[in-house]
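In: Sequence and computational prediction follow.
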Amino acid sequence: MFSISATPIDFERLRRELETAGAGAVVCFEGRVRDHNDGRAVDGLSYQAYVELAQVEGMRIVAEAQERFAVERIVCVHRVGDLALGDVAVWAGVSAAHRAAAFDACRYVIDQVKARVPIWKREHYVEGASEWLHPNAT
Amino acid sequence: MFSISATPIDFERLRRELETAGAGAVVCFEGRVRDHNDGRAVDGLSYQAYVELAQVEGMRIVAEAQERFAVERIVCVHRVGDLALGDVAVWAGVSAAHRAAAFDACRYVIDQVKARVPIWKREHYVEGASEWLHPNAT
Amino acid sequence: MKYRLLYFASLCDEAGRSEESVASDAADPRALYAELAARHGFTFTPDRLRVAVNGAFTDWNQRLADNDEVVFLPPVSGG
Amino acid sequence: MKYRLLYFASLCDEAGRSEESVASDAADPRALYAELAARHGFTFTPDRLRVAVNGAFTDWNQRLADNDEVVFLPPVSGG
């Protein structure tokens, strides 16, 4: 399951959705707004998404991970809107019988979401400026 | 921080201990009691620990991970006693500025804890028997 | 033909709007972007953008149809 | 000399106790384990066990002192 949320991510609830009788391993990732980036002091972020396509691409990534790894359940949610320091920007959780698959699938999902899903981050700096981040493709 | 717990692991509280202003990534692993192992139906586990040494060895693993990876905080707790299906047997959480270090450190901790910390698992099978697991070293 | 455009992130700032409808003779996204870049002063070269038409990624040479929704996507930075 | 032994998991089951004090002439863990294995019928060969003395891992040839706490550790299975 992948979704875009305009309200705070209730990750404790999402985590419970991962529980199955065969889930011996659960791995959760949360991306939080931290107080610095590339040496600049940050005091908040805004995320914008092309929601329609983000939803489709996010679901595609989850389906890819389901196919590549022996997992039970996958849940990923990305925030949009204005976020303060410490807010959770993206959350991904995976359950699996064994831990290797849970770790690998969780990392796959977050790596691919960051690389492919049409969501953009605007950083707000402590000194007052703000700018969209558009990383160079590697 | 590493500890042995005779009572249920309050992982939502432990996760909050990972929060720092610079923590852009949090990765949490939980090992849960699942309903099967090696093709046998399981209905519970008991864990026994040599607590004094487990505590020392667990802290040593956490210190190793702190040294190898650029992390903020690490917390790991292992249960002892009788556990039912779905109970959390071990929980490890790591915060870091960046996700690669958080994933790598979390995996290091759980891999090393399973390999080195003096804790033993007794599986209780649905058909009635139970036995200690003593995996062959690899 | 008439196209509906959505703008995100820097392209939204540069265009001064998040959407617009344009009448254009451009037959594919490549020609359409050239036209819009000239009009709005877009600084991205096409090689740094991706294109979506009607909610699906596509390539720069797809033949456009009347009323298509066309989106030029700057490099993403989610997470 | 007198040693205090702690037993865990299968060794605890085989010894029928979780701890005991023994008087022994064994001077190192290797000799002590041979003695106890004979007495309790332990099925682990030493190569599958680790040794701890006074709460720290050590090797099979460490010279033991009176009142040492000695623990033979079966292969672990935490997690």
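Out: Thanks, I have it.
In: Show me what from chain A comes close to chain B.
Out: Residues of chain A lying near chain B by CB under 8 Å from any CB of the partner chain: A:12, A:19, A:21-36, A:85-86, A:97, A:99, A:102-103, A:106-107, A:110. (Glycine included, C-beta is placed from N, CA and C.)
In: Kindly give a single ChimeraX line that selects the buried subset of those.
Out: Buried members of the residues of chain A next to chain B, identified by 16 or more other CB atoms under 10 Å in any protein chain shown, are gathered into one ChimeraX selection as follows:
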select /A:23,24,25,26,27,28,29,30,31,32,33,34,35,97,99,102,103,106,107,110
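In: Of the residues of chain A next to chain B, which belong to strands?
Out: Here DSSP state E is the test, and those give A:A25, A:V26, A:V27, A:C28, A:F29, A:E30, A:G31, A:R32, A:H36 as lying in strands.
In: Helix, strand, or coil at the spatially closest residue to the fourth one that is not a sequence neighbour?
Out: When you say that, I think you mean A:C28. Leaving aside its chain neighbours, A:C28 sits nearest to A:G93 (4.2 Å; criterion: CB to CB, 6 or more residues apart in numbering or on different chains). Following DSSP: H, G, I helix; E, B strand; the rest coil, A:G93 is assigned to strand.
In: per-residue confidence at A:N136?
Out: At A:N136, the model reports a pLDDT of 83.
In: ok, now which ones touch it?
Out: Listed by CB atoms under 8 Å, 6 or more residues apart in numbering or on different chains, the contact set of A:N136 reads C:R48, C:P75.
In: what's the helix or strand for it?
Out: Assessed by DSSP states H and E, A:N136 sits outside every helix and strand.
In: C:L32 too?
Out: Going by DSSP H and E, C:L32 is in helix C:29-40.
In: One more: C:A52?
Out: Assigned by DSSP H and E, C:A52 falls within strand C:50-53.
In: in chain A, which spans are helices?
Out: Ranges of helices in chain A, per DSSP state H, are A:11-16, A:51-68, A:99-116.
In: Looks like A:Y125 contacts A:G39 (just checking).
Out: No: A:Y125 is not in contact with A:G39 according to CB atoms under 8 Å; the separation is 10.8 Å.
In: Neighbour count: those two, which is higher?
Out: A count of neighbours by other CB atoms under 10 Å in any protein chain shown puts A:Y125 above the other of A:Y125 and A:G39, at 15 against 5.
In: roughly how far apart are the more buried one and chain C?
Out: 15 Å (CB to the nearest CB, to the nearest Å).
In: dump the residue contacts of that residue.
Out: Listed by CB under 8 Å, 6+ apart, the contact partners of A:Y125 are A:R40, A:A41, A:V42, A:D43.
In: Give me the nearest residue to the residue in chain A that chain D sits nearest to, chain neighbours excluded.
Out: For chain A and chain D, the shortest gap (CB to the nearest CB) falls at A:R99, measuring 8.0 Å. Taking CB to CB, 6+ apart, and ignoring the residues beside it in sequence, A:R99 has A:A25 as its nearest neighbour in space, at 4.0 Å.
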